[in-house]
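> coordinates only, no sequence provided:
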């Protein structure tokens, strides 16, 4: 079973993503803050992490770098969730360790395609 962590201060985004992704093949956890996400990841790194580009307690690029610095058997696939396309932010996130991005609001098809692109079954 694959594991996913959705990090977003919007409970609506977390709920929608969890409904789309959750099922027998994917265990989905949620975090509303970067600190909450780091606590979850220290205790068990998920296979894929969706990071909101704007979190209330930490820059998304800093969070990505901290996630990548956690010692674990495997590094997660990290998707940055963006409301507007910002090349500079995306490049900083990729330098920090992000693998790609998805635009919000996303559809079911778009989110599932993003997961398939990185060979993460949902």
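Thanks, I have it. As the structure is a computational prediction, the values presented were derived from the model and not from experiment.
> alpha carbons only for contacts and neighbour counts from here, please
Fine.
> what residue is smack in the middle of this structure?
residue 50 (1.1 Å; C-alpha atoms, centre = their mean).
> setting aside sequence neighbours, what's the nearest residue to residue 24?
Leaving out its chain neighbours, the residue that sits closest to residue 24 by C-alpha to C-alpha, 6 or more residues apart in numbering is residue 1, at 7.5 Å.
> correction: residue 63
residue 34 (6.5 Å).
> quick one: contacts for residue 110?
Contacts were defined as C-alpha atoms under 8 Å, 6 or more residues apart in numbering; by that measure residue 110 touches residue 102.
> for the helix or strand it falls within, buried residues please.
In the assignment (DSSP states H and E), residue 110 maps to helix 108-117. Residues of helix 108-117 classed as buried: 111-115 (neighbour count, 16 or more other C-alpha atoms under 10 Å).
> and if you look at stretch 100-108?
In stretch 100-108, counting by 16+ other C-alpha under 10 Å, buried: 100-102, 106.
> for residue 11, state which of the residues you listed is nearest.
residue 106 (14.8 Å; C-alpha to C-alpha).
> give me the secondary structure label for that closest one.
coil (DSSP: H, G, I helix; E, B strand; the rest coil).
> that one and residue 58: what is the separation?
For residue 106, the distance to residue 58 equals 23 Å [C-alpha to C-alpha, to the nearest Å].
> list phi and psi for the residue with the largest distance to the centre of the chain.
Going by C-alpha atoms, centre = their mean, the residue of the chain most distant from its centre is residue 24, 19.4 Å out. Phi and psi for residue 24, reported as degrees, to the nearest 10, are phi -70, psi -20.
> the nearest residue to residue 32 once chain neighbours are set aside - how many residues pack around it?
Spatial nearest neighbour of residue 32, excluding adjacent residues (C-alpha to C-alpha, 6+ apart): residue 9 at 4.4 Å. By other C-alpha atoms under 10 Å, 19 other residues sit near residue 9.
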